[in-house]
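Participant: Okay, here's the prediction I keep looking at, along with the sequence it came from:
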Amino acid sequence: MLTEIHFTAEPIVVPPEVLPSREIGAAVEFRGIVREMEQGSALGGLQYEAYEPMARKVLQRHFEELAILHPCAAVLFIHRTGWVPVGEASLFIRVLSAHRGEALAFLAAAIDRLKLDVPIWKRVL
């Protein structure tokens, strides 16, 4: 499985989709958008920090494990660091697979695992 993991302090720019094979039948994408309300309080944005070397290692492990359960051809992961204002994406994930079920299951599980133990933190300011 092709894996790309990126962290950026700039707004997320979604790269064009490149299909690694003609057997790709599903491309699913998720954008996590910063909401205006967090735990009942209005905010202007969120501050994200990441311990990037460890985050990359943990994400790579998660993606490899998920590819066994939900075979996929590629995953692209982009996460913002620093200040992310309301209305902008803090996270983008694209999963390519032969079938939609595998791509959707991989994506959902990847987001759940991201919140478990990947060293990325957000602070409400």
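Facilitator: In hand now; what should we look at? Numbers count the residues shown, from 1 in each chain.
Participant: Run through the helices of the chain in chain order.
Facilitator: Ranges of helices within the chain are 52-69, 100-117, based on DSSP state H.
Participant: Same list (the ones you listed) but as TSV, adding mean pLDDT.
Facilitator: Putting those into TSV (pLDDT from 0 to 100) gives the following:
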stretch	mean pLDDT
helix 52-69	98
helix 100-117	97
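Participant: among the ones you listed, which is nearest residue 19?
Facilitator: With C-beta to C-beta, the closest approach to residue 19 among the helices of the chain belongs to helix 100-117: 12.6 Å. All C-beta spots, glycine's among them, are computed from the backbone N, C-alpha and C.
Participant: Report the distance from the closest one to the chain centre.
Facilitator: Mean-position distance between helix 100-117 and its chain equals 9 Å (C-alpha atoms, centre = their mean, to the nearest Å).
Participant: Give me the contact list for it.
Facilitator: With contact meaning C-beta atoms under 8 Å, 6 or more residues apart in numbering, helix 100-117 is reached by 25-28, 30, 32, 58-59, 62-63, 66-67, 69-72, 75, 77, 91, 93, 95-97, 120.
Participant: Go again with 6 Å.
Facilitator: 26, 28, 30, 62, 66, 70-72, 95, 97 (C-beta atoms under 6 Å, 6 or more residues apart in numbering).
Participant: how about the CA coordinates for it, as CSV?
Facilitator: Backbone C-alpha positions of helix 100-117 (Å, rounded to 0.1, in the frame of the first residue of the first chain) are rendered in CSV as follows:
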residue,chain,number,x,y,z
ARG,A,100,-15.9,1.2,-1.6
GLY,A,101,-16.6,-0.9,1.5
GLU,A,102,-12.9,-1.4,2.1
ALA,A,103,-12.1,2.2,1.5
LEU,A,104,-14.9,3.4,3.8
ALA,A,105,-14.0,1.0,6.6
PHE,A,106,-10.3,1.8,6.3
LEU,A,107,-11.1,5.6,6.5
ALA,A,108,-13.5,5.2,9.5
ALA,A,109,-11.0,3.0,11.4
ALA,A,110,-8.1,5.3,10.6
ILE,A,111,-9.9,8.3,12.1
ASP,A,112,-10.8,6.3,15.2
ARG,A,113,-7.2,5.2,15.7
LEU,A,114,-5.9,8.7,15.1
LYS,A,115,-7.8,9.8,18.2
LEU,A,116,-6.5,6.9,20.3
ASP,A,117,-2.7,7.3,20.5
